[in-house]
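# Okay, sequence plus prediction incoming.
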Amino acid sequence: MSTSRQDPSSTSDTPSTSGTPTAAATPFIPSPASAPDAATAAVPPRAASWGTPFWSEEFSGPIAWGRRWVGDTTSAYQYGNHNPNDNKLDWLDPNEVSVANGVATFTAQPSSHLLRNRRHAWTTGLLTTEGSQEGFQVQAGDHIETRVKLPTGLGAWPALWTWKDGNGEIDSFEYHPDNPNLLELTNHVNGGGTYYTDANAITPGAWVTVGTTYGADSVDWYVGGVKVYSDDTGVGEDWSAYLILNLSVCAGRYHPAPSGSAPITFAVDYLRVYR
């Protein structure tokens, strides 16, 4: 999530030219991967068999700002609440995360804020455990799972990822509606990743369950409870990092920026960590 990557079918626009991102890792270009063949794919445990979550956010009540979550700044953003050099129009605003009926909705919409590159920002929602009172971190060996509703509006860039000390980044998923059947799954710590495609499970407006096991020797990704990719590089024994769940807005470099001013939304049912 810290560096934009151009995947095989993305469209491009004029890039922003101001500055250099602080997230200095060289972009990793994953190899493509398709849905596993139903006749031959080993079916690993589904969510229930992971046992009781060690830590979870069920969105059954208001966001616990300060105690559990921070929503107005992250060290993954160059300027704390915005990061224009990473192809983002984001301007973080905790008011853009709301909860109702057990679901969190992240909203992005045009604002009057000006980014450092003088482009108009979109206020949008982000949740991170970094800087919260709990300060929760995932660590090597943990398994994380979330159920999300993929957005439909061009420019949407939702993701679940990790961050710490200038990197620590594992992307459980990134999604762009211009590539409607594709999830980006990436290990920025030790290299590895894939473009995973599944025209049945991954579509704009669909609910999808995505899981990641942060193995010391291999990070494994799951979609719909089925393991779809292992990177065989892992995170190492001593890795740990904060969680980030957010809706970014593309600025147009690798994926289209929003074509109008209509708000963009992204919904999340739950976030669970098993240890």
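Looks like it arrived, so ask away. Numbers count the residues shown, from 1 in each chain.

# ok, residue 249 touching residue 259?
No. Contact criterion CB atoms under 8 Å: residue 249 and residue 259 do not qualify, at 12.0 Å. Heads up, the C-betas are built off the backbone N, CA and C, glycines and all.

# Number of residues surrounding residue 204?
Burial of residue 204 is recorded as 17 neighbouring residues (other CB atoms under 10 Å).

# Give me the secondary structure label for it.
When classified by DSSP: H, G, I helix; E, B strand; the rest coil, residue 204 comes out as coil.

# quick one: what helix or strand has the residue nearest to it when sequence neighbours are not counted in it?
Nearest non-adjacent residue to residue 204, counting by CB to CB, 6 or more residues apart in numbering: residue 152, 4.1 Å away. Using DSSP states H and E, residue 152 sits within no helix or strand.

# okay, residue 152: pLDDT?
We have a pLDDT of 97 for residue 152.

# picking up where we left off before, pick out whichever of residue 249 and residue 259 has more residues nearby.
residue 249 (24 against 9).

# The more buried one looks like it's in a strand, true?
Yes. Judged by three-state DSSP, residue 249 forms part of a strand.

# how near is it to residue 195?
21 Å (CB to CB, to the nearest Å).

# ditto for residue 127
In terms of CB to CB, residue 127 sits 25 Å off from residue 195.

# Mind checking which of the two has more residues around it?
residue 127 (24 against 21).

# which helices and strands sit right next to the helix or strand that contains the more buried one?
Using DSSP H and E, the element containing residue 127 is strand 126-128. Here strand 126-128 touches strand 240-249, going by 3 or more CB pairs under 8 Å, 6 or more residues apart in numbering; DSSP states H and E.

# What helices and strands are in contact with the strand it packs on?
Packed next to strand 240-249, using 3+ CB pairs under 8 Å, 6+ apart, are strand 90-92, strand 103-114, strand 120-124, strand 126-128, strand 137-139, strand 156-163, strand 264-274.
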